[in-house]
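Trainee: Take this sequence and fold it.
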Amino acid sequence: MHYRYKTKNVCSSEINFDLENNKLYNVVFTGGCNGNLKAIGKLVEGMDADKVIELLQGNTCGRNSTSCADQLTRAIRDAQTQIA
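Mentor: Sure thing, here's the model as predicted:
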């Protein structure tokens, strides 16, 4: 399933990804720190979605209470609830 998530309180505006058999594929952030966000996409490619949540949930950026990585975990949870 392809999923698009509008982020909140971070530099990137959107995250697109595919979730198949609880594995992440084709993670692409729109906006934000291009190099770092491309790296996150490469690192989580084919990874179990629950493991990504475990690793990245609660990650913050500067004084913000969230980050692009944390927003990815929120997007994954949202996608998982739509599948269930």
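Trainee: What are the buried residues along the helix or strand containing Gln71?
Mentor: Using DSSP states H and E, Gln71 maps to helix 68-83. By 16 or more other Cβ atoms under 10 Å, the buried positions in helix 68-83 come out as 68-76, 79. The way it works is simple: take the backbone N, C-alpha and C, and place the C-beta from them, glycine included.
Trainee: from the chain's centre, how far out does that helix sit?
Mentor: Distance of helix 68-83 from the chain centroid (Cα atoms, centre = their mean, to the nearest Å) equals 6 Å.
Trainee: Name the residues that touch that helix?
Mentor: With Cβ atoms under 8 Å, 6 or more residues apart in numbering as the test, helix 68-83 has contacts from 1, 3, 5, 7-8, 10-12, 15, 17, 19, 22, 24, 27, 29, 32-33, 36-37, 40, 44, 49, 52-53, 56-61, 66.
Trainee: Which residue ranges of this structure form helices?
Mentor: Using DSSP state H, the helices found in the chain span residues 34-44, 49-56, 68-83.
Trainee: can you list the ones you listed in JSON lines and add mean pLDDT?
Mentor: Putting those into JSON lines (pLDDT from 0 to 100) gives the following:
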{"stretch": "helix 34-44", "mean pLDDT": "97"}
{"stretch": "helix 49-56", "mean pLDDT": "98"}
{"stretch": "helix 68-83", "mean pLDDT": "96"}
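Trainee: Report the central residue of this protein.
Mentor: Leu72 (2.0 Å; Cα atoms, centre = their mean).
Trainee: Perfect, I'm done here.
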